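Undergrad: Structure of the sequence below:
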Amino acid sequence: MPASSTPPPEATRLGEISPQQWKSGIAAWLGWFFDGLELHLYTLVAGPLVLHLLATTASDPQVKQKSAYIQAAFLVGWALGGAFFGWLGDRLGRSRTLALTVLTYALCTGLCALAQTWWQLMIFRFIAAIGIGGEWAVGASLLSETWPKAWRPWIAAVLQSGVNIGILFASAIVWLIMPSLQQLFTETGRHGWLQDIAHSAQSLLPRLSPEHLVFLIGVFPALLVYWIRKQVPEPEAWQRAQSAAAPKPHLRDLFRGTVASITWRTMAVCALSLSAWWLFIFWQAQHVRKILVDTGAPASDVTRLVSAAFFAMIAVSIVGNYFAGWLAKLFGNRRAIMLMFWALFISMAGAFIVPRGFGELAWFWVPLVGFFSGVFGLFTMYLPPLFPVLLRTTGAGFCYNIGRVAAAAASIIFGWLAPVGDFRTALLYSSLLALAAAIWAWWLPEESREA
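TA: Predicted structure coming up:
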């Protein structure tokens with residue numbers, strides 16, 4: 001498709017958005033929705049699933065250790081996916097690469113249902129994460145190049161809300177189906193042919209558990225791939241840059257000239273903040289679960305209450321996305337990011353500086369942290385325009401997702417620092433990373449209005 005010589009004037013109302021822009025927006029939003037779904041299926045069932053695969057007791061330190069390794073592998077895969085698919089998106093095109101990322105994470109999340117050992121689960125999660133990390137960079141660049149520049153703070157909020165709604169969907173699904181799945185495996189003669197299928201599957205996969213079956217939900221995003229390939233065109237900005245005779249940039253160009261300063265500054269903030277956030281996401285679910293177990297809550301209620309608390313946090317974070325967008329409209333992305341990180345640090349430290357009960361933690365402090373996590377939505381539209389067009393998904397994907405490597409190391413190191421079962425200490429330490437991100441955000445680059 002030939003690119004036009006002059007771009008049309010930017011839309012100022014929704015009615016002026018072109019069909020191509022709508023298709024790009026829907027594709028990116030659905031990709032992010034399924035990202036959120038795939039991301040947190042494991043987080044919600046990590047404790048009982050790893051416990052089942054190890055065939056041990058909850059007091060065994062291996063449970064926390066192996067859970068951390070699986071989460072670390074996922075975060076490393078996310079980082080590698082951001083770099084690899086980011087590079088591919090600059091060469092193959094945004095739409096084509098988006099379809100490949102969705103197919104990767106959908107199929108490999110489904111394979112998690114077949115895992116019979118903790119290391120098999122780690123491998124499947126690692127490969128799925130490669131697709132998820134790639135989708136972030138490609139989807140963000142696709143929208144930054146197709147939708148009006150003046151709308152970026154609100155587009156970022158809408159896009160990040162896709163992740164949050166995907167997480168809510170995952171929480172709701174686990175909350176609704178887990179009791180039924182547990183009955184299939186524990187009761188006899190009450191569920192007919194469904195129970196026969198479950199028992200037949202268990203004979204082929206001896207370690208199969210109700211938590212395994214949750215991952216089958218992750219296969220459905222694969223159906224989105226065909227529509228993306230048929231309906232979503234490549235952005236004109238990418239087509240023009242691709243057809244130009246100038247040499248194409250490479251990954252090493254991120255660390256050359258004026259781009260190098262942008263790369264290092266954004267990479268540092270992303271590494272610190274994402275480490276803080278992923279430590280919180282992973283360990284707070286384990287901490288809330290431990291509080292419930294210590295109070296003698298029935299096992300069937302524990303998973304439902306953990307899912308409900310997680311649901312509340314993510315629901316509040318959707319409001320936080322739009323609050324962050326409002327701050328960005330008032331003060332610009334850099335100052336909004338800095339303010340939100342300060343608030344994220346204060347809320348994380350407040351949540352874990354003293355022991356708190358389930359009600360206080362789950363219904364006030366954890367949702368407060370979720371509200372200020374809306375800061376991460378700003379990066380979707382802030383990072384891509386900082387880089388040249390043919391280095392855009394590479395730069396955004398590398399800088400944002402390299403933070404996953406730091407988060408992977410942090411999830412293991414902070415787990416070592418805390419005594420066995422004392423997740424509150426690890427969570428309190430992790431708030432200091434949010435503080436460091438808030439300080440370092442002062443040196444983030446200003447976004448060019450012409451980008």
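Undergrad: which element is residue 57 on?
TA: Using DSSP states H and E, residue 57 falls within no helix or strand.
Undergrad: give me phi/psi at the nearest residue to it once chain neighbours are set aside?
TA: Of all residues not flanking residue 57 in the chain, residue 51 sits nearest, at 7.7 Å (Cβ to Cβ, 6 or more residues apart in numbering). Just so you know, the C-beta spots here come from the backbone N, C-alpha and C atoms, and that holds for glycine as well. Here is the backbone geometry of residue 51 (degrees, to the nearest 10): phi -60, psi -40.
Undergrad: Same check on residue 357?
TA: phi -80, psi 170.
Undergrad: same check, this time on residue 446
TA: Per-residue torsions, residue 446: phi -80, psi 140 (degrees, to the nearest 10).
Undergrad: pull the CA atoms of stretch 143-153 into PDB?
TA: Presented in PDB, the C-alpha positions along stretch 143-153 are these (Å, rounded to 0.1, in the frame of the first residue of the first chain):
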ATOM      1  CA  LEU A 143      -1.100   3.600  18.300                       C
ATOM      2  CA  SER A 144       1.500   6.300  18.700                       C
ATOM      3  CA  GLU A 145       1.900   6.300  14.900                       C
ATOM      4  CA  THR A 146      -1.800   6.200  14.000                       C
ATOM      5  CA  TRP A 147      -3.800   8.200  16.600                       C
ATOM      6  CA  PRO A 148      -3.700  12.000  17.100                       C
ATOM      7  CA  LYS A 149      -0.700  13.200  19.100                       C
ATOM      8  CA  ALA A 150      -2.700  15.500  21.300                       C
ATOM      9  CA  TRP A 151      -4.700  12.500  22.500                       C
ATOM     10  CA  ARG A 152      -1.700  10.500  23.800                       C
ATOM     11  CA  PRO A 153      -2.300  10.800  27.600                       C
END
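Undergrad: Could you pull up the mean pLDDT of that stretch?
TA: In this model, stretch 143-153 has an average pLDDT of 85.
Undergrad: For the residue nearest to residue 57, grab the count of nearby residues.
TA: Residue 51 is flanked by 20 other residues according to other Cβ atoms under 10 Å.
Undergrad: I'd say residue 143 and residue 22 touch.
TA: No: at 11.4 Å, residue 143 does not count as touching residue 22 under the criterion of Cβ atoms under 8 Å.
Undergrad: which of the two has more neighbours?
TA: residue 143 (27 against 14).
Undergrad: Kindly provide the distance from the more buried one to residue 74.
TA: For residue 143, the distance to residue 74 (Cβ to Cβ, to the nearest Å) stands at 25 Å.
Undergrad: just checking, what packs against the strand or helix carrying residue 135?
TA: Assigned by DSSP H and E, residue 135 falls within helix 118-144. Judged by 3 or more Cβ pairs under 8 Å, 6 or more residues apart in numbering; DSSP states H and E, the packing partners of helix 118-144 are helix 19-54, helix 61-92, helix 94-111, helix 152-186, helix 375-382, helix 392-417.
Undergrad: Now tell me which helix or strand of this structure has the poorest mean pLDDT.
TA: Between all helices and strands in the chain, the lowest mean by mean pLDDT, DSSP states H and E belongs to helix 192-204, at a mean of 63.
Undergrad: need the next SSE after that helix, C-terminal direction.
TA: Once the chain leaves helix 192-204, the next helix or strand it forms, by DSSP H and E, is helix 210-214.
Undergrad: So what touches that next one?
TA: Applying Cβ atoms under 8 Å, 6 or more residues apart in numbering, the set of residues contacting helix 210-214 from outside is 41, 44-45, 48-49, 52, 112-115, 173-174, 177-178, 181-182, 184-185, 205.
Undergrad: Same question for stretch 89-101.
TA: For stretch 89-101, the surrounding residues in contact (Cβ under 8 Å, 6+ apart) are 24, 27-28, 31, 81, 85, 88, 131-132, 134-135, 137-139, 141-142, 145, 225, 228-229, 232-235, 238, 242, 248-249, 390-394, 397.
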